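*Asks:* need a structure here:
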Amino acid sequence: MLINLELARQLLKKVVDSVGPEFKYPHLREGGEPGELYDATRHSDEEQAACTYVRDNAPSCLVGQVLHALPIGVPLTVLSRIDAQGDNAGLLAADGVVVSSSGFHRELREAGFELTEAATVYLRAAQAAQDGGATWAKAYERAEGMLPATRTETLTLWDTRIQR
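*Replies:* Predicted structure coming up:
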């Protein structure tokens, strides 16, 4: 199943609307106790929040919920394999540009899902905002703010080429 920008936008809005505008992802600090939440605004960059696609046998983070909410749905087993690799954070370079999709895209492809480049940029913007401690409504706004960048002629042509 092809996950293009328009589908990513629809599903991100649906997920955000389902939890309400003030919802924040409950990051659990690595090694922290259950119920001990990670506040990204009060920790250094060296400290890692345990943001996972699956927690307690359910989709967890914003992008995990979006991917699982697809009409066919990315199975939790696939999202768990991505979590186990621990390289999903490698999708975002320091300047916010997607540079590598390594295990994330490979696992999705092997399960029959393909994210276009524009959808990847869009979802990574939302994920980065969530990981920075933003509400999911703010994460949605950040992703929507990326639309001029994701709708460049190059990315539009790339999306079109994959859809054929």
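
*Asks:* For this structure, which segments are assigned as helices?
*Replies:* 5-19, 62-68, 76-85, 102-110, 117-131, 136-145, 147-150, 153-163 (DSSP state H).

*Asks:* same for the second one, what does it pack against?
*Replies:* In other words, helix 62-68. Secondary-structure packing of helix 62-68 (3 or more CB pairs under 8 Å, 6 or more residues apart in numbering; DSSP states H and E): helix 5-19, strand 58-59, helix 76-85, helix 117-131. Every residue, glycine included, has its C-beta placed from N, CA and C.

*Asks:* Swap in 10 Å and give it another go.
*Replies:* helix 5-19, strand 54-55, strand 58-59, helix 76-85, helix 117-131, helix 136-145 (3 or more CB pairs under 10 Å, 6 or more residues apart in numbering; DSSP states H and E).

*Asks:* Show me which of the ones you listed has the highest average neighbour count.
*Replies:* helix 117-131 (a mean of 23; mean count of other CB atoms under 10 Å).

*Asks:* So which helix or strand of this protein has the lowest pLDDT on average?
*Replies:* helix 153-163 (a mean of 40; mean pLDDT, DSSP states H and E).

*Asks:* Now do stretch 9-17: everything it contacts.
*Replies:* By CB atoms under 10 Å, 6 or more residues apart in numbering, the surrounding residues in contact with stretch 9-17 are 3, 23, 59, 62-71, 118-119, 122-123, 125-126, 135-141, 143-144, 147, 150.

*Asks:* now stretch 68-80
*Replies:* Here stretch 68-80 has contacts from 1, 3, 7-8, 10-12, 14-15, 18, 52-55, 57-61, 63-67, 81-83, 88, 107-108, 110-113, using CB under 10 Å, 6+ apart.

*Asks:* right, and the helices and strands packed on helix 62-68 - which one's nearest Gly103?
*Replies:* Each of these has some distance to Gly103 by CB to CB; the shortest is helix 76-85, at 4.1 Å.

*Asks:* Flag the shaky bits of this protein, pLDDT-wise.
*Replies:* 27-50, 86-102, 148-164 (pLDDT under 70).
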